[in-house]
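> Provided below are the primary sequence and the corresponding predicted coordinates.
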Amino acid sequence: MTEATDGQTSRESEYEKIVESSMAVMSELAVVLDQETALVGKKDAAEIAAVRAEKAKLIRDYRSSMTIVIQNPDLLEKLAASTRARLKQIGEVLATATEKNVKTLKVAVEATQALVGTIMETARKQCKAHDSYSDPRKLPSGQPAYAGDVMAVAVNRTA
């Protein structure tokens, strides 16, 4: 009977470690998302690139930890109430950070698309029809460069 209790205790301890690891990843991810949101507001492209690399790594870690949780449905049930409460709190913080990040990135993308659209429209308006390749069949005066029906003419200069 003690073996079953020891096995159950070690399994619960393992569950605690998995959840603690997941919570650490969730906390780090929330911080990185907040950093990215702030950097997008500052338009600091160099820093954003570094933060995105960290964000991608944390997202991979988060997905793998959530896969473990999903594969072990009894994991959350076996946790202490205090651990579940902390997990819920960290989950809410992550959800809030994710929502802010999504909204900020969406606004940045829409602003960039509007700017590109304005530039394209302005470029189209500035292009004039006569600035493109000219018709080789017409002289600059608009007169045809050659007649449609050309006939060979022979001139006798001996006479």
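Great, that's in hand.

> Which helix in the protein has the most residues?
The residue-count maximum for a helix in the chain (DSSP state H) belongs to helix 81-126.

> Show me the shaky parts of the chain.
Judged by pLDDT under 70, the chain has its weakly predicted residues at 1-8, 127-152, 159.

> how deep is R52 tucked in, by neighbour count?
13 (other Cβ atoms under 10 Å). C-beta: built from backbone N, CA, C; applies to glycine.

> ok, back up a step: if you count contacts, what does the longest helix of the chain end up packed against?
Applying 3 or more Cβ pairs under 8 Å, 6 or more residues apart in numbering; DSSP states H and E, one finds that helix 81-126 contacts helix 2-42.

> Report the inter-axis angle for the helix it packs on versus helix 81-126.
Note on geometry: by axes from the mean of the first three to the mean of the last three Cα atoms, to 10 degrees, helix 2-42 and helix 81-126 are set 30 degrees apart in direction.

> what helices or strands is helix 2-42 leaning on?
Packing contacts for helix 2-42, counted by 3+ Cβ pairs under 8 Å, 6+ apart, involve helix 45-71, helix 74-77, helix 81-126.

> Could you give the separation of it from the chain centroid?
25 Å (Cα atoms, centre = their mean, to the nearest Å).

> same question, stretch 30-43
For stretch 30-43, the gap between its own C-alpha mean and the chain's C-alpha mean amounts to 14 Å (Cα atoms, centre = their mean).

> in that stretch, what's buried?
For stretch 30-43, burial by neighbour count (16 or more other Cβ atoms under 10 Å) applies to 30, 32-37, 39-40.

> Next, format these as JSON lines and append distance to L105.
Rendered in JSON lines, the data for those read as follows (distance: Cβ to Cβ, whole Å):
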{"residue": "A30", "distance to L105": "15"}
{"residue": "V32", "distance to L105": "13"}
{"residue": "L33", "distance to L105": "10"}
{"residue": "D34", "distance to L105": "13"}
{"residue": "Q35", "distance to L105": "13"}
{"residue": "E36", "distance to L105": "8"}
{"residue": "T37", "distance to L105": "8"}
{"residue": "L39", "distance to L105": "11"}
{"residue": "V40", "distance to L105": "6"}
